[in-house]
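*Asks:* task: produce atomic coordinates for the following.
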Amino acid sequence: MAISNKKRKWILRNYPDLSIAEIARRMGVKEREVAAVLEEGGADLSNARVAGQPLIASRSAPVQGWAILIIVLFTGLIYANTLQNEFHYDDIHSLKDNLQIRFLGNIPKYFTHPEMFSARPSVMMPRPLLLITFALNYAWTQYHAWSWLLVNYCFHIGNAVLVYLAVCHLLGMRRSALLAALLFACHPVNTETVNYINCRSSLMADMFMILTTYFFFRSQMQNRIGLYATSLACLAAGLLTKEEAFMTPFLVLTLDWLYFGDCSREDWGPRLLKRHLPLFGVLALYLAYRRLVQGFTLTPPTYQNQPEQILENLMTQSRVLIHYLNVLLIPIHLNSSYENIPYVHWLGDYVILALLFLGGLMLLAVVLRRKAPVASFFIANFFLTLAPTSSLIHFNAFLNEHRLYLPSLGFCLLFAFSLEKLDDLKPNRSIAAASWRTLINSLVVFIFVCYTGLGVSRNFLWQTDMNLWRDSAKKSPMKAQVISDLGNAFYRNIPPDQDAGTHPFLDRAEQLYNWAIRADGTYFKAYHNLGTIYYTRANSVERRNQKDKARGYYQKAVEYFQGALKIQSYNAETWNDMGSTLIRIGRLSEAETAYRNAISIDPQLYKAMINLGVALFYEGNETELKDPQAAQALFEESVSWLEKSLIVYDRDPTAWFYLSQIYVAKLHQPDKAYRCIKKALELAPDNEIYRRARLQIEKAVSTSGSPP
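*Replies:* I've put the predicted structure just below:
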C-alpha cells in the first residue's frame with residue numbers, strides 16, 4: 001500500500017514517541033511499510049522490531065520518571081482527605097467485629113477456613129491474601145481507620161502507576177499512558193473503592209489482574225520464562241484475593257487478539273496451547289481449591305435460581321450496564337447504595353432498547369478491532385469484568401460503583417486515546433494548529449478539574465456514616481437498608497456521656513427504622529434495630545427507678561426481636577440481643593434458650609457465650625436454696641461457657657469478672673478468683689465495680705490463707 005507524503009511526514013514526526021506497531025495501526029498499514037518509511041527518512045531503528053523479521057515488533061515506549069512522580073503526587077493529592085474517614089457498612093462485620101483478623105497466628109488458617117472472612121458465619125469467602133493484609137493492618141494500629149485507609153490509598157496509587165507502565169511497555173502509547181493513568185487516578189467512580197475499606201479486595205485483585213497481563217506480554221516480548229511464571233503467580237494471587245480475577249485469562253486472550261495477534265511469530269493454535277492454556281489451568285486449580293475448602297465452586301447448594309429468575313436478572317442487568325456506562329462518562333449523582341429496582345418489562349422498562357444498544361457495542365468492538373483496538377478493548381474489558389456480577393447470578397445489590405474499578409481503566413484509556421487522536425487532527429496552518437492545540441488542552445484541563453472536584457467531594461461524604469447515608473437517603477429514599485443505616489448513624493452518634501434514652505437522636509433513629517419497615521416490611525434488620533431502641537429506653541428509665549415503665553419497654557423490645565426472627569431466624573445477633581432483653585425481665589430459661597440458639601448459629605459468638613454463662617449464674621442463684629446440687633451444676637456450666645468465650649476472645653473483661661465472682665462466691669476458689677479479677681482490671685482499669693470486687697476477693701484470699 002502506497003503511503004502519501006503527508007503520512008510520511010506524520011510518521012517521521014511521531015516516531016519514536018509512538019512505536020512502529022502503534023503507527024501502523026493508526027494508519028491502517030503494515031509495520032514493514034512504516035519501517036521502510038523510517039529507514040528512508042534516516043530514523044534510528046536499532047531498537048525497533050518489525051513483524052516477520054528476526055526481532056518481533058516491540059510496542060514498548062520508554063517510561064519517564066517524572067511522569068510516575070506526577071501520577072503519585074496527583075493521586076496522593078486527590079485522596080489526601082480520605083485518611084480522616086471511618087469504617088462503613090460491611091467493614092463492621094468483616095473487620096471490626098471479626099476476631100479472626102486480630103491474631104497473626106491465624107494466617108495459615110485463612111487458606112483453609114473461608115468462614116474466617118467475617119464475624120457472620122454465613123459469609124464464607126476464600127480470600128486468604130486479603131485477610132492477611134487485614135491481619136497485618138490490625139497488628140499495626142488495631143482499629144485506627146486512618147491506617148486501613150492509608151493501605152487502600154497506596155494500592156490505588158500503585159494501580160495508577162501500573163496503568164502507566166503497562167500502557168507504555170505493552171502498547172507503546174506514552175502520551176496516552178500518562179493521560180489514562182491520571183484519569184484513572186481521579187475518576188470519581190473509583191472513590192468508593194478507595195474509601196470503602198472492605199473494597200481493598202477489588203484494589204488488590206485488579207492490581208494482580210494488571211500484573212498478570214503485564215508479565216504475560218512482557219514474557220513474549222523478551223522471551224523470558226521467568227516473567228511468564230510471574231504472570232501465572234500473579235493470577236493465582238488475584239484469585240486468592242477476590243473472585244473477580246477469574247476473568248483475567250479472558251482479558252489476556254482478548255488483548256492478545258486485539259494487539260499482538262498480527263505481530264507474533266506463532267500461529268494461534270500453538271500460542272493458545274503454550275501461552276494461554278496454562279492460565280486456564282490456574283483457573284481450574286482455583287475452582288478445585290474452592291470446592292475443597294467450602295464445598296462448592298461458584299454458588300452454594302442452597303442458592304437456587306429458577307429460569308424465570310435468571311431471565312429477570314439478565315433483563316435488569318441490561319439496564320444496569322447502561323447505567324454503568326453513564327456514570328463512567330458523566331460521574332454525577334453517584335450513590336453508595338442504589339435502589340434495587342427490577343426491570344422485567346421488555347418495552348415498558350426499555351429492556352429491548354438496552355439489549356439492542358449493548359449488542360451494538362459488541363458488534364462495534366469487532367468492527368473496530370483493526371482501526372481502533374483501544375475502543376474494542378474498552379468494550380471487551382467492560383463486558384468481561386462485569387460478567388460475574390451482571391449476568392446469571394443474582395446478587396443482593398444490583399448495582400455497586402466499586403465494580404467499575406477495572407472497567408474504568410479501559411474507559412480512561414479510550415478517553416486518553418481519543419483526546420490524542422483529536423490532537424493529531426490539528427490543521428496544517430500554524431495559527432489554526434495553535435488554536436486547535438489550545439482547545440484540546442483546555443478540554444483536558446476542564447475534564448481533570450471536573451473529575452478531581454467530584455472525586456474530592458465524594459471523599460468528604462465518606463468521612464462519617466452520617467454524611468454517607470444522608471447523601472444516599474436523598475438518592476435512594478425507598479431502600480430499607482439505606483434508611484436503616486442512616487438510623488444506625490443517628491444511634492451511634494449519641495454522646496456516651498448523655499442519657500441515650502432521652503436523646504433526640506434516639507427518636508430520630510426510631511423514625512428512620514419505622515420508615516425502613518414501611519419501605520420493605522421484610523427487612524429484618526429494621527425490626528432488630530427497633531428492639532435495640534426500646535432496650536436502650538428501658539435501660540434509661542430503669543436507672544431512674546421506673547421499673548414498670550422499663551419492663552414495658554423491655555417487653556416491646558422482645559416483640560421487635562421476635563419480629564426480626566420471624567423474617568430471618570438464622571441470625572445469631574438477634575437471638576443474643578433478645579436473650580439479653582429477656583434476662584432483664586427475669587425470663588431466665590427463655591434467655592438461656594435464646595443464647596444457645598445464637599451459639600448454635602455462630603459457634604464463635606463469644607458475647608453469647610458470656611451471656612449464657614451469666615444467665616446460668618443467675619439461674620444457679622435462684623435455684624441454690626431449693627436445690628443446691630442443681631445450682632452447683634449450673635455454676636460449673638456457667639464457668640465452662642465463660643472459659644469457652646475466653647478461648648475465642650480473651651480481651652473481654654466481663655468474662656473475667658463473672659468468673660471471679662463464681663470462683664469466689666460459689667466454687668470457693670479465691671486464688672482463681674483473684675487471677676480472674678486481676679485480668680479484668682488489666683483490661684478495664686477504671687471500672688469501679690471491678691476495683692471493689694478485687695478488694696473483696698483479696699479479703700477472701702487472706703482469710704483462706706492461699707497466696708494470691
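*Asks:* mind telling me what element the closest residue to Asp499 other than its chain neighbours is part of?
*Replies:* The spatially closest residue to Asp499, leaving aside those adjacent along the chain, is Ser540, at 5.6 Å (Cβ to Cβ, 6 or more residues apart in numbering). C-beta coordinates here come from the backbone N, C-alpha and C atoms, glycine included. Following DSSP states H and E, one finds Ser540 within helix 524-543.
*Asks:* got it, and Val456?
*Replies:* Per DSSP H and E: helix 430-461 holds Val456.
*Asks:* tell me what that helix is packed against?
*Replies:* Helix 430-461 is packed against helix 65-78, helix 174-186, helix 191-195, helix 405-424, helix 465-475, with contacts defined by 3 or more Cβ pairs under 8 Å, 6 or more residues apart in numbering; DSSP states H and E.
*Asks:* check which residues of the helix or strand just after the third one are buried.
*Replies:* Same thing as helix 191-195. Moving toward the C-terminus from helix 191-195, the first helix or strand encountered (DSSP H and E) is helix 200-222. Judged by neighbour count using 16 or more other Cβ atoms under 10 Å, the buried positions of helix 200-222 are 200-221.
*Asks:* now helix 200-222: mean pLDDT?
*Replies:* Averaged over helix 200-222, pLDDT sits at 94.
*Asks:* got the CA coordinates for it in CSV?
*Replies:* Output of helix 200-222 as CSV, limited to C-alpha atoms (Å, rounded to 0.1, in the frame of the first residue of the first chain):
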residue,chain,number,x,y,z
ARG,A,200,-9.5,-3.4,49.3
SER,A,201,-10.3,-6.8,47.7
SER,A,202,-11.1,-5.0,44.4
LEU,A,203,-7.9,-2.8,44.7
MET,A,204,-5.7,-5.9,45.2
ALA,A,205,-7.5,-8.3,42.8
ASP,A,206,-7.4,-5.7,40.0
MET,A,207,-3.7,-5.0,40.7
PHE,A,208,-2.9,-8.7,40.3
MET,A,209,-5.0,-8.7,37.1
ILE,A,210,-3.0,-5.9,35.6
LEU,A,211,0.3,-7.5,36.7
THR,A,212,-0.8,-10.8,35.2
THR,A,213,-1.5,-9.1,31.9
TYR,A,214,1.7,-7.1,32.0
PHE,A,215,4.1,-10.0,32.7
PHE,A,216,2.3,-12.3,30.3
PHE,A,217,3.0,-10.0,27.3
ARG,A,218,6.4,-8.8,28.5
SER,A,219,7.4,-12.5,28.7
GLN,A,220,6.5,-12.8,25.0
MET,A,221,8.3,-9.6,24.0
GLN,A,222,11.5,-10.6,25.9
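*Asks:* now do the very next helix or strand once past that helix: distance to the chain's middle.
*Replies:* Sequence-wise, the next helix or strand downstream of helix 200-222 (DSSP H and E) is helix 225-239. In terms of Cα atoms, centre = their mean, to the nearest Å, the centre of helix 225-239 is set 23 Å apart from its chain centre.
*Asks:* same thing with stretch 115-130?
*Replies:* 13 Å.
*Asks:* what's in contact with it?
*Replies:* 93-94, 97-101, 106, 109-111, 114, 131, 200-201, 204, 237, 240-242, 289-290, 293-294, 300, 570, 572, 601-604 (Cβ atoms under 8 Å, 6 or more residues apart in numbering).
*Asks:* now with 6 Å?
*Replies:* 93-94, 97-98, 100, 110-111, 114, 201, 237, 240-241, 290, 293-294, 602 (Cβ atoms under 6 Å, 6 or more residues apart in numbering).
*Asks:* so among those residues, which ones count as buried?
*Replies:* 93-94, 98, 100, 110-111, 114, 201, 237, 240-241, 290, 294, 602.
*Asks:* of the contacts of stretch 115-130, which belong to helices?
*Replies:* Among these, DSSP state H puts 201, 237, 290, 293-294 in helices.
*Asks:* from the residues you listed, which is closest to Leu384?
*Replies:* Ser201 (18.2 Å; Cβ to Cβ).
*Asks:* residues of stretch 676-692 that come out buried?
*Replies:* 676-677, 679-681, 683-684, 690.
*Asks:* kindly check the end-to-end length of that stretch for me.
*Replies:* Start-to-end span of stretch 676-692 (Cα to Cα, to the nearest Å) is 14 Å.
*Asks:* the residue nearest to Asp499 contacts Gln498, correct?
*Replies:* No. Counting by Cβ atoms under 6 Å, Ser540 stays clear of Gln498, with 10.3 Å between them.
*Asks:* these two: which is more packed in?
*Replies:* Ser540 (19 against 10; other Cβ atoms under 10 Å).
*Asks:* next, format the ones in helices among the contacts of stretch 115-130 as CSV and append distance to Asn621.
*Replies:* As requested, the ones in helices among the contacts of stretch 115-130 are exported to CSV (distance: Cβ to Cβ, whole Å):
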residue, distance to Asn621
Ser201, 48
Ala237, 55
Arg290, 49
Val293, 45
Gln294, 44
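*Asks:* using the three-state scheme, assign Leu277.
*Replies:* Secondary structure assignment for Leu277 (DSSP: H, G, I helix; E, B strand; the rest coil): helix.
*Asks:* which helix or which strand is home to Tyr560?
*Replies:* helix 547-567.
*Asks:* coming back round to it: pick out the most distant pair among the ones in helices among the contacts of stretch 115-130.
*Replies:* Longest span within the ones in helices among the contacts of stretch 115-130, Cβ to Cβ: Ala237 and Gln294, 18.9 Å.
*Asks:* Ser19: which of the helices and strands packed on helix 430-461 is closest?
*Replies:* helix 174-186 (9.0 Å).
*Asks:* residues touching that closest one, excluding its own?
*Replies:* 61, 67, 71, 74-75, 78, 160, 163-164, 167-168, 409, 412-413, 415-417, 420, 451-452, 455.
*Asks:* what is the rounded mean pLDDT of it?
*Replies:* On average, helix 174-186 scores 93.
*Asks:* for Gln696, see how far away Tyr618 is.
*Replies:* 19 Å (Cβ to Cβ, to the nearest Å).
*Asks:* cool, and Trp575?
*Replies:* From Trp575 over to Gln696 (counting by Cβ to Cβ), the distance is 34 Å.
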